[in-house]
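Undergrad: just need the structure, nothing else, for what follows:
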Amino acid sequence: MDMNNYASPLLSSDGVREMDEYMLNTYGVTQIVLMNNAAASVYAYICETVFPAGVSGLKVSVLCHSGGNGGDGYALARMLRDGGVAVTVISLKAPEGGAALYYRDKWLAEGGTALEAREAAQTLAQADLIVDAIFGTGFHGRLPDDIARLLHAANASGAVRLAVDIPTGVECDTARAGPGAFRAGHTVSFTYSKPGLESYPGRAWAGRVHVAGIGISQAAKDRFIPQAELLDAPYCRSLLPYRSEYSNKGTYGRLICVCGSEDMTGAAILAARGALRSGVGLLDLAVPEQVVRVMQNWLTEPVFTPLPAERGAREALLSQKLAQASAVLAGCGLSQSERAKETLLHILHNCDRQLIIDADGINILAAHIDELDILSAKSKAGAIPPPIFTPHPAEFARLLGTDTAAVEADRIGLARMFATGHGCVVLLKGNRTVIASPDGRIAINPTGNDGMAKGGSGDLLAGMVASLCAQGMAPAEAARLGAYLHGLAGDLCAEALGRRSMQPGDMADCIPEAFKHLESV
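TA: Just a heads-up that it's a prediction; the model follows:
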């Protein structure tokens, strides 16, 4: 794997198995060795970070099941006991073989005991630390009732809670999490972090995530092709469009923004500000003729194309502008009027340039899903570049014909399904924005904060992404870089103004600093 082409890899459940098998088949490194290494990493983290003053005399409960995660727990219990800890293992199901059985047998042979779950309530209530070593990356679906009851008791205790690799009840690959999942204050994840630890809702159950090595060789890592990544500064810096001293405004593309309406001029203004601050050479704002004067009071840099009310004249002018564009942004503040619908459908039928669809553009498509199918067919046939959709969860739910709760429960899975099914890029906004590519590749953005949860933030982001596309970036990379920079601008803004009071317009003023910060990495 060429690491220059990837951000920080996130390890899937299949990837875990593939690496373990490679270590065994290539180097003869057994599960017994890897389990011991995993336990040693968790033990070191407990001693160095969770209880740096010392672990001797602590009461620790380790929750174990029959699989590999349980084996890690038994191996850890032995190390904790040797460190002077009063350890209780709570066994939900005994291993039937393999390395997990090896470490359970050693634990019992050396005088350890294993309580059954029904005997554990008092022990959990008195524990200083509870370690979750139940399912790890192998969990899918619904928690069995006995485990749900045990985790409820664990979560209700006053103990520090630590998960081994990933909290039980959180799915490794999708981040889906049931309400009864183990609520960790710390998670020690092995080799790489996991999608379920970095995206919501799973992230809410993970606490502080620490990634530890367990002896997986670099050769094994190099064979691994991640399907999910966590964006980071070095990778995003590598995406920045090149700028030449020997250049002019035409070098950096022409973006046409078909946005705004009488009631929502602000959305178009914010999109324009995001685009201008992100380096586009020429910005053409195609807006209803009656709002041009209002917008000219706020913006001096764009060219304005007043769109007439009469359909024929409007579409003729739009066709002319589409032919000149490097990229087209449609939807920010467009409204869902009949005129807006006619405008968007004309763009969909006549634009062969990079298309970014946001806000009301998405809402209109959701009401005319047959048009989405036509757009998808053109993209898959290579007639147009993969379009970029930038929905918030409610807009995405409308596209999918579901509800917002369903989207929030499976952000990664639904974004990937839509992107691969429709040959597009999905930038699903929210805390830990998810970017899904047509090939199924997922990126999760770590930048940003709750101060950005205000109307207009998404318009700013759409303008930034569209600007990067107009400069020649590939759609998936533009969406990734735009999301990272947008969140970084939000973080810089929060640092300067505080999260409560900051506004999207303030964030626009922080975009230059975000670029400078990234360029200096």
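Undergrad: and Ala462, what's its pLDDT?
TA: On the pLDDT scale, Ala462 is placed at 98.
Undergrad: which stretch of helix or strand covers the residue lying closest to Arg277 once chain neighbours are set aside?
TA: Leaving out its chain neighbours, the residue that sits closest to Arg277 by CB to CB, 6 or more residues apart in numbering is Ile511, at 3.8 Å. (Each C-beta comes from the backbone N, C-alpha and C, glycine too.) Here Ile511, judged by DSSP states H and E, is contained in helix 504-519.
Undergrad: ok now that helix, how far from the chain's centre?
TA: Between the centre of helix 504-519 and the centre of its chain there are 21 Å (CA atoms, centre = their mean, to the nearest Å).
Undergrad: tell me which residues of that helix are tucked away?
TA: When neighbours are counted by 16 or more other CB atoms under 10 Å, the buried residues of helix 504-519 are found to be Pro504, Asp506, Met507, Ala508, Asp509, Cys510, Ile511, Ala514, Phe515, His517, Leu518.
Undergrad: same deal with stretch 82-98?
TA: By neighbour count, and taking 16+ other CB under 10 Å as the criterion, the buried residues in stretch 82-98 are Gly83, Val85, Val87, Thr88, Val89, Ile90, Ser91, Leu92, Lys93, Pro95, Gly98.
Undergrad: these into JSON lines, with extra columns for pLDDT and distance to Leu299?
TA: Supplementary listing: these in JSON lines, determined by pLDDT from 0 to 100; distance: CB to CB, whole Å:
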{"residue": "Gly83", "pLDDT": "97", "distance to Leu299": "64"}
{"residue": "Val85", "pLDDT": "97", "distance to Leu299": "64"}
{"residue": "Val87", "pLDDT": "97", "distance to Leu299": "65"}
{"residue": "Thr88", "pLDDT": "97", "distance to Leu299": "66"}
{"residue": "Val89", "pLDDT": "97", "distance to Leu299": "66"}
{"residue": "Ile90", "pLDDT": "97", "distance to Leu299": "63"}
{"residue": "Ser91", "pLDDT": "95", "distance to Leu299": "66"}
{"residue": "Leu92", "pLDDT": "94", "distance to Leu299": "62"}
{"residue": "Lys93", "pLDDT": "94", "distance to Leu299": "64"}
{"residue": "Pro95", "pLDDT": "94", "distance to Leu299": "66"}
{"residue": "Gly98", "pLDDT": "95", "distance to Leu299": "66"}
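Undergrad: tell me the one among those nearest to Gly67.
TA: Proximity of the buried residues of stretch 82-98 to Gly67 (CB to CB) peaks at Pro95, which lies at 7.4 Å.
Undergrad: phi first, then psi, for the closest one.
TA: Its backbone dihedrals place Pro95 at phi -60, psi 150, with angles given as degrees, to the nearest 10.
Undergrad: out of everything not next to it in sequence, what's closest to it?
TA: Nearest non-adjacent residue to Pro95 (CB to CB, 6+ apart): Leu101, at 4.0 Å.
Undergrad: mind checking the SS state of Pro167?
TA: Three-state secondary structure (criterion: DSSP: H, G, I helix; E, B strand; the rest coil) places Pro167 in coil.
Undergrad: low-confidence stretches in this protein?
TA: Within the chain, the ranges that satisfy pLDDT under 70 run 1-5.
Undergrad: contacting residues for the closest residue to Ala114 other than its chain neighbours?
TA: With sequence-adjacent residues excluded and distances taken as CB to CB, 6+ apart, Ala114 is closest to Ser91, at 3.9 Å. Contact criterion CB atoms under 8 Å, 6 or more residues apart in numbering gives Cys64, His65, Gly70, Arg104, Ala114, Leu115, Glu116, Ala117 as the residues in contact with Ser91.
Undergrad: contacting residues for the third one?
TA: Neighbour list for Gly70: Cys64, Ser91, Lys93, Pro95, Ala100, Arg104, Ala133, Ile134 [criterion: CB under 8 Å, 6+ apart].
Undergrad: buried ones in the one helix or strand the fifth one maps to?
TA: Yep, that's Ala100 we're talking about. With elements delineated by DSSP H and E, Ala100 resides in helix 98-109, which encompasses its position. For helix 98-109, the neighbour count (16+ other CB under 10 Å) marks Gly98, Ala99, Ala100, Leu101, Tyr102, Tyr103, Arg104, Trp107 as buried.
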